[in-house]
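> pasting the sequence and the predicted coordinates here, then a few questions.
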Amino acid sequence: SDDPNLLLCGLDTGICTINIGVYGFLDSQYSIVITSSLASTLISHNVPKVDNVNTNSYNYYSTVVLEPDEVDNDSTDLELKFTLYSGSIKVFLSCEASMPNSTFYRWSFIPSYDNGYSL
């Protein structure tokens, strides 16, 4: 990803931990897919994680991206894809806060039904 927020997390220079907080404005169902040859994650690589979040609640996830040099690779290719199936959510991401939320986060977005959101 060329997202400047991911670069600030050290994606191109070292081990990068990306923490994800999903807030439910309403009871919601969504999926997250993390694609990277260098990712070690609680979410299975390249397999959608379908989950539900209740109204006014958070779910949390984390992924660790290894330093490119550790696997003889010059760059890191990372994609985080969020798809909303029902309800309404906001996603908060951080490389500092372990449980990102509306107060502590680096960047955020609201995925839509028709095209989701990808980094």
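Thanks, I have the structure now. Numbers count the residues shown, from 1 in each chain.

> so what's Ala97 up against?
19, 104-106 (C-beta atoms under 8 Å, 6 or more residues apart in numbering). For every residue, glycine as well, the C-beta is placed using N, CA and C.

> surely Ser98 touches Asn19?
Yes - A contact is recorded between Ser98 and Asn19 when judged using C-beta atoms under 8 Å, the distance being 5.5 Å.

> pull up the overlap in contacts between those two.
Contact criterion C-beta under 8 Å, 6+ apart; residues shared by Ser98 and Asn19: 60, 62.

> more neighbours, these two?
Of the pair Ser98 and Asn19, Asn19 is the one with more neighbours under other C-beta atoms under 10 Å, namely 21 against 11.

> and the more buried one, what element?
Secondary structure assigned from DSSP states H and E places Asn19 in strand 16-24.

> immediately after that strand, which helix or strand?
Using DSSP H and E, the helix or strand that directly follows strand 16-24 along the chain is strand 28-35.

> quick one: list the elements packing against that following strand.
Packed against strand 28-35 by the contact rule (3 or more C-beta pairs under 8 Å, 6 or more residues apart in numbering; DSSP states H and E) you find strand 16-24, strand 49-53, strand 79-86.

> now do the SS call for the nearest residue to Phe104 once chain neighbours are set aside.
Counting by C-beta to C-beta, 6 or more residues apart in numbering, Ala97 is the residue found nearest to Phe104 once chain neighbours are left out, at 3.9 Å. When the structure is split into helix, strand and coil by DSSP: H, G, I helix; E, B strand; the rest coil, Ala97 lands in coil.

> what separates Ala97 from Tyr58, distance-wise?
According to C-beta to C-beta, to the nearest Å, Ala97 stands 12 Å off from Tyr58.

> now swap in Leu93 and tell me
Here Leu93 is placed at a distance of 13 Å from Tyr58 (C-beta to C-beta).
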